[in-house]
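Asks: Sequence first, predicted model second:
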Amino acid sequence: MTKLFEHQSKELFRAEGIPVCLGEVVVNACQARQAAERLGCPVVVKAQALVTGRADKGAIKFADTPAEAELAAETMFGLTFNGVRVEKVLVEERKEVVKEYFASIIVNDASRAPMLVFSSMGGSGIEELAKGHPGKMISYPIDVRVGLQEFTARNLLIRLGVPSRELPGLADLLVRLYRTARKYEARSAEINPVALSRDGRFYALDGRITVDDNAVFRHPEIGIEVAREFDHPPTKLERIAYLVEAGDYRGTFYFMQLEMDTSGGGYIGFHGAGGGGSMMAMDALQRGGFKIPNFVDTSGNPPASKIYRAAKIILSQANLEGYFYSGSGVASQEQYHTARGLVKAFREVNLSIPAVIRVGGNGEELAIDILTRYTRDLPAPVEAYGRDTSVDYCVERLRTLVEEQKKKAGRAGEIRVV
């Protein structure tokens with residue numbers, strides 16, 4: 001699922017007639033001041049980050065003057081969430097809020113239908129509110145053949161005790177929210193809070209839309225660059241990896257950067273095959289004291305070319321101390337394709353860090369022979385094992401090889417030319 005930033009979600013809301021506050025997206029503090037001057041009213045300054053609870057993190061601030069808006073934005077551009085610095089800030093008019101509600105449309109896999117979730121109590125911590133005040137929340141499965149009708153929305157609101165004077169505006173907003181979710185094939189579309197302002201109108205003060213990855217290609221108007229569920233804007237390597245996958249659907253290649261700064265030492269380039277086996281291998285690496293800067297899954301019998309590209313992307317990360325490949329105990333894919341792709345990548349970069357490869361599956365004996373035979377002359381050792389060798393043993397072998405490589409590098413550094 002691909003998460004949209006607040007400002008992106010609000011553009012879609014606005015296009016479907018859901019009231020949102022006037023505002024501008026800026027990329028520096030000076031622009032924030034200018035935006036506040038153009039709005040000519042007290043503003044809210046919001047860091048655009050894919051995290052919840054932004055107010056508690058200093059990522060949402062109120063400003064009465066353009067100077068205050070500039071100062072608030074300046075502090076936000078120095079914030080980092082999940083290893084990624086804030087690059088954009090939304091400056092928008094501040095509304096005098098009388099009451100807050102919560103509304104969302106979410107695809108419920110159990111019900112096999114989009115679900116309207118509405119609470120007469122809005123604000124942050126909606127999960128806790130639902131536990132403490134279950135009578136204030138309602139969930140309603142929507143029949144996609146008829147959609148969400150306004151009279152249905154009104155009846156649901158009446159059941160929650162919403163005042164009659166608020167029913168027309170709030171029911172209309174819910175209907176438009178459903179239409180927005182359906183139009184853009186969203187897995188979820190949330191407005192929190194739905195705010196009743198002093199002027200008597202309802203506004204989407206904050207909102208998030210998550211689009212189904214498989215539907216992204218049908219909606220170029222949204223401008224989604226990488227159809228992946230990240231908690232950060234896609235990095236350069238993630239963009240490159242996505243283009244590899246988008247251009248070759250043979251097998252699966254999924255790449256995600258978990259750490260942007262690998263300067264601390266102990267980082268191992270990770271390469272998995274199969275979700276469950278990859279998780280098992282990552283756990284083993286962490287038990288062994290290693291750090292993992294990336295997640296990679298190449299499964300579904302990908303060709304050697306895709307394995308090669310995955311390995312090159314992994315190895316392009318800085319400060320790696322080793323390379324570890326391990327997937328399922330017995331993967332239903334031809335492992336000699338894996339071996340060929342890895343060998344090509346290792347030889348092209350003239351591998352200088354140790355690698356331990358655990359290939360379990362079809363043709364693993366041939367894969368082990370290819371990896372052993374064609375990496376003997378590389379600067380760093382490459383060891384290959386099959387299904388009968390445990391992941392923990394492979395991690396311990398990698399630890400030994402990394403330590404030996406460090407000692408070897410240290411001895412080389414001690415050589416002096418007289």
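Replies: That came in fine, so what should we check first? Since the structure is predicted, the reported quantities are computational estimates derived from the model, not experimental observations.
Asks: And the pLDDT for Gly53?
Replies: The model reports Gly53 with a pLDDT of 87.
Asks: in this protein, which helix or strand is least confident?
Replies: Within the chain, no helix or strand scores below helix 126-132, which has a mean of 66 by mean pLDDT, DSSP states H and E.
Asks: can you list the residues that contact the helix or strand following that helix?
Replies: Tracing the chain C-terminally past helix 126-132 and defining elements by DSSP states H and E, one meets strand 137-141 next. Residues from elsewhere that reach strand 137-141, judged by Cβ atoms under 8 Å, 6 or more residues apart in numbering: 102, 108, 111, 113-121, 129-130, 152, 156, 159-160. The C-beta positions use only the backbone N, C-alpha and C, and glycine is treated the same way.
Asks: the helices in the stretch 201-350 of the chain, which residues?
Replies: For the stretch 201-350 of the chain, the helices defined by DSSP state H, counting those that start in this stretch occupy 236-246, 275-287, 304-315, 335-349.
Asks: any idea of the mean pLDDT for the third one?
Replies: What that stands for is helix 304-315. 97.
Asks: Check the gap between Lys236 and Gln8 for me.
Replies: For Lys236, the distance to Gln8 equals 21 Å [Cβ to Cβ, to the nearest Å].
Asks: which intervals of the stretch 1-150 of the chain have sub-threshold pLDDT?
Replies: Within the stretch 1-150 of the chain, the segments meeting pLDDT under 70 span 123-130, 132-133.
Asks: That one: strands as residue ranges?
Replies: Per DSSP state E, counting those that start in this stretch, the stretch 1-150 of the chain carries strands over the ranges 2-3, 23-26, 43-47, 60-63, 80-81, 84-85, 89-93, 97-108, 113-119, 137-141.
Asks: Quick one: list the elements packing against the longest one.
Replies: What that stands for is strand 97-108. Counting contacts by 3 or more Cβ pairs under 8 Å, 6 or more residues apart in numbering; DSSP states H and E, strand 97-108 is packed against strand 113-119, helix 167-183, strand 186-197.
Asks: which one of the helices of the stretch 201-350 of the chain lies closest to Lys183?
Replies: Comparison of the helices of the stretch 201-350 of the chain against Lys183 by Cβ to Cβ identifies helix 236-246 as nearest, at 23.5 Å.
Asks: just checking, what packs against the closest one?
Replies: The criterion is 3+ Cβ pairs under 8 Å, 6+ apart, and the helices and strands that helix 236-246 contacts are strand 252-257, helix 304-315.
Asks: what helices or strands is the last one leaning on?
Replies: I take that to be helix 304-315. Secondary-structure packing of helix 304-315 (3+ Cβ pairs under 8 Å, 6+ apart): helix 236-246, strand 252-257, strand 268-273, strand 294-299, strand 322-327, helix 335-349.
Asks: returning to what we had before: so Lys236 and Gln8 - more neighbours on which side?
Replies: Ranked by neighbour count (other Cβ atoms under 10 Å), Lys236 and Gln8 place Gln8 first, with 19 against 10.
Asks: Just to check, the more buried one is in contact with Glu225?
Replies: No: at 11.5 Å, Gln8 does not count as touching Glu225 under the criterion of Cβ atoms under 8 Å.
Asks: quick one, what contacts the nearest residue to Phe217 once chain neighbours are set aside?
Replies: Spatial nearest neighbour of Phe217, excluding adjacent residues (Cβ to Cβ, 6 or more residues apart in numbering): Ala227 at 7.6 Å. Residues in contact with Ala227 (Cβ under 8 Å, 6+ apart) are Thr2, Val211, Asp213, Asn214, Val216, Phe217, Tyr242.
Asks: Please apply the same query to Ile106.
Replies: Ile106 sits in contact with Pro114, Met115, Val117, Arg187, Ser188, Ala189, Glu190, where contact means Cβ under 8 Å, 6+ apart.
Asks: For it, give its distance to Gln405.
Replies: 49 Å.
Asks: do the same with His219
Replies: Going from His219 to Gln405 by Cβ to Cβ gives 48 Å.
Asks: Arg309 too?
Replies: 25 Å.
Asks: For stretch 23-35, list every residue counted as buried.
Replies: For stretch 23-35, the neighbour count (16 or more other Cβ atoms under 10 Å) marks Gly23, Glu24, Val25, Val26, Ala29, Gln31, Ala32, Arg33, Gln34, Ala35 as buried.
Asks: Most tightly packed of the helices and strands packed on helix 236-246?
Replies: Greatest average neighbour count among the helices and strands packed on helix 236-246 goes to helix 304-315 (a mean of 22), per mean count of other Cβ atoms under 10 Å.
Asks: Check what contacts that helix and list those residues.
Replies: Contacts of helix 304-315 (Cβ under 8 Å, 6+ apart): 237, 240-241, 244, 248, 250-251, 253, 255, 269-271, 294, 296, 298, 323, 337-338, 340-342, 344-346, 348-349, 351.
Asks: now it, how far from the centre of its chain.
Replies: Chain-centre distance of helix 304-315: 21 Å, with Cα atoms, centre = their mean, to the nearest Å.
Asks: relative to strand 252-257, how tilted is that helix?
Replies: If you take axes from the mean of the first three to the mean of the last three Cα atoms, to 10 degrees, helix 304-315 sits at 10 degrees to strand 252-257.
Asks: so can I have CSV of the contacts of Ala227 showing distance to Met279 and neighbour count?
Replies: Output for the contacts of Ala227, formatted as CSV (distance: Cβ to Cβ, whole Å; neighbours: other Cβ atoms under 10 Å):
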residue, distance to Met279, neighbour count
Thr2, 22, 22
Val211, 26, 27
Asp213, 20, 15
Asn214, 23, 10
Val216, 26, 19
Phe217, 29, 10
Tyr242, 22, 18
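Asks: Please flag which of the residues you listed sit within strands.
Replies: Thr2, Val211 (DSSP state E).
Asks: In the contacts of Ala227, find the pair that's most separated.
Replies: Of all pairs drawn from the contacts of Ala227, the one with the longest distance (Cβ to Cβ) is Val211 and Tyr242, at 14.8 Å.
Asks: returning to what we had before: Throw the strands of the stretch 1-150 of the chain into a markdown table and include distance to Thr400, thanks.
Replies: Putting those into a markdown table (distance: least, Cβ to Cβ, whole Å) gives the following:
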| stretch | distance to Thr400 |
| --- | --- |
| strand 2-3 | 41 |
| strand 23-26 | 51 |
| strand 43-47 | 45 |
| strand 60-63 | 50 |
| strand 80-81 | 35 |
| strand 84-85 | 35 |
| strand 89-93 | 49 |
| strand 97-108 | 48 |
| strand 113-119 | 53 |
| strand 137-141 | 54 |
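Asks: Right, I'll call it a day here.
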